[in-house]
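Undergrad: just coords:
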């Protein structure tokens, strides 16, 4: 297996204030160290369990803009350094990523706006197709952004499925497989049972108060989706009653 750009991380809790809200998130409060074992690692779990918080901290520790984009993107609509990033220590290998990005669905509009400005300044930058990201549908823009980058890079994705149909999620899944074949490393926080089904991926669950590995079939995303598909009427009756 290829050597990963980021092999793991540790947290120096002495750099986190005693009253910081981070300490109230069970999966994060108990985090001392973490090891990445595969080219693709997914963060899975319920809302508010710390997935995006940890991914953002990793991104900032890697030098990415907290609101997303490539390593060259520098803009801010909310000027605050993620507190966990200051306490994070990454375990890196000797490999250096040639490209990469931090993608977060919630701030994609701002990234698309900045991308248009960068395209005008740097015509040799990444191409997002025949139209600008703002001139495409939300889902098309997402996919165009993903497909504009390839090669042995570091790609961090926060809920990349947010604007993608099931078919386009499978397109992204194939693109992720292609990226890892080129030597890339991907860290992604997702609720998508389709993306979580990527063969050979490491899935880390943030549920239950501690970060732990979990098989695809045991994730809530998989189990709830399968339950609804297999027993739709029963589930709906239970919910409405």
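TA: Received it, and whenever you're ready, just let me know what you need. Remember, it's a predicted structure, so these values are computed and weren't measured experimentally.
Undergrad: Give me the helix or strand of this structure that scores worst on average pLDDT.
TA: The weakest-scoring helix or strand in the chain, judged by mean pLDDT, DSSP states H and E, is helix 108-121 (a mean of 71).
Undergrad: Can you name the element that comes right after that helix?
TA: Elements were assigned by DSSP states H and E; along the chain past helix 108-121, the next helix or strand is helix 138-147.
Undergrad: what sits up against that next one?
TA: 101, 103, 105, 108, 111-112, 115, 128-129, 133-134, 136, 160, 162-165, 168, 171-172, 175 (C-beta atoms under 8 Å, 6 or more residues apart in numbering). Every residue, glycine included, has its C-beta placed from N, CA and C.
Undergrad: Which among the residues you listed count as buried?
TA: When the contacts of helix 138-147 are checked for burial by 16 or more other C-beta atoms under 10 Å, the buried set is 101, 103, 105, 108, 111-112, 115, 128, 133, 136, 160, 162-164, 168, 172, 175.
Undergrad: Could you identify the longest helix within the chain?
TA: Taking DSSP state H as the criterion, the chain has its longest helix at helix 166-181.
Undergrad: And the next helix or strand past it?
TA: strand 185-189.
Undergrad: So which elements touch that next one?
TA: The helices and strands touching strand 185-189, judged by 3 or more C-beta pairs under 8 Å, 6 or more residues apart in numbering; DSSP states H and E, are strand 40-44, helix 51-61, strand 154-158, helix 166-181.
Undergrad: The third one - which strands sit beside it in the sheet, and in what orientation?
TA: In the sheet containing strand 154-158, its partner strands are strand 100-104 (parallel), strand 185-189 (parallel), by DSSP bridges.
Undergrad: Where does pLDDT dip in this structure?
TA: Applying pLDDT under 70 to the chain picks out residues 1, 73-81, 117-127, 129-130.
Undergrad: Stretch 21-32: how far from the chain's middle?
TA: 19 Å (C-alpha atoms, centre = their mean, to the nearest Å).
Undergrad: May I see the buried residues of that stretch?
TA: For stretch 21-32, the neighbour count (16+ other C-beta under 10 Å) marks 22, 25-29, 31 as buried.
Undergrad: residue contacts, residue 173?
TA: By C-beta under 8 Å, 6+ apart, the contact set of residue 173 is 194-195, 197-198.
Undergrad: do that again at 7 Å, thanks
TA: Counting by C-beta atoms under 7 Å, 6 or more residues apart in numbering, residue 173 touches 194-195, 198.
Undergrad: what do you get for residue 84?
TA: Here residue 84 is in contact with 22, 53-54, 57 (C-beta under 7 Å, 6+ apart).
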